[in-house]
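Engineer: show me the folded form of this:
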Amino acid sequence: MAFCTKCGATVADGQGFCPSCGAPVGGSAAASTSAAPVTTGTSGMQENVAAGLSYVFWWITGLIFYLTDKRKFVRFHAAQSIVLFGAISILSIVLGFFVGASMVAMHGGGLVGAGLIGMLLWLLHIAAIIMWIVCMVMAFQGKTFRIPVVADLADSIFKP
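Structural biologist: Numbering: from 1, shown residues only. Here you go, the predicted structure:
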């Protein structure tokens, strides 16, 4: 396991660039393969553990770790958790409202509309569970897994 000499982040073997700051890492003096001491921040745990735990209870633990841990890797995953699962929570509430409203109305295809929206809501929940597992596994492995639109939005909302 190598460490970036610019920011100190963990860099997986064989990677050419630091996943945190983008600095080039190679077989030269730019990478140190010696074991580094366990880095602890304000949360009192290893970076990868804190980052992985920021996904456990969706945006709630993301918010907790964003406010309590100042390490860049943890804050990135916490911010991504807040944006991803916050958006999923809001979308789930809105779609659930439309399912309920369609069931109450029951006129002009209300049942069909409720069924279609309900199916969309079910697919959203399946996708959320898959993203939850993937994000946690990647964070626990110490990898910066950027969800294309979500990570950019998290970077713009929560300035690193």
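
Engineer: what segments of the chain are strands?
Structural biologist: 2-4, 10-11, 31-32 (DSSP state E).

Engineer: which elements pack onto the first one?
Structural biologist: To tie it back to what came earlier, the one meant is strand 2-4. Under the contact criterion of 3 or more CB pairs under 8 Å, 6 or more residues apart in numbering; DSSP states H and E, strand 2-4 touches strand 10-11, strand 31-32. From N, CA and C alone the C-beta is placed, and that goes for glycine too.

Engineer: all helices for the protein, in order.
Structural biologist: 47-53, 59-68, 72-105, 110-140, 148-157 (DSSP state H).

Engineer: point out where the protein drops to low pLDDT.
Structural biologist: 1, 26-43, 102-114, 160 (pLDDT under 70).

Engineer: what's the domain layout of it?
Structural biologist: Per automatic domain parsing, the domain ranges recorded for the chain read 1-34, 41-157.

Engineer: out of those domains, which is the most enclosed?
Structural biologist: domain 41-157 (a mean of 17; mean count of other CB atoms under 10 Å).

Engineer: for Ser81, see how far away Ile60 is.
Structural biologist: Using CB to CB, to the nearest Å, Ile60 is found at 9 Å from Ser81.

Engineer: for Ile88, same thing?
Structural biologist: Per CB to CB, Ile88 is found 11 Å from Ser81.

Engineer: same check on Gly96?
Structural biologist: Gly96 is 21 Å from Ser81, by CB to CB.

Engineer: can you lay out the helices of the chain as a markdown table showing distance to Gly16?
Structural biologist: As requested, the helices of the chain are exported to a markdown table (distance: least, CB to CB, whole Å):
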| stretch | distance to Gly16 |
| --- | --- |
| helix 47-53 | 21 |
| helix 59-68 | 29 |
| helix 72-105 | 19 |
| helix 110-140 | 19 |
| helix 148-157 | 20 |
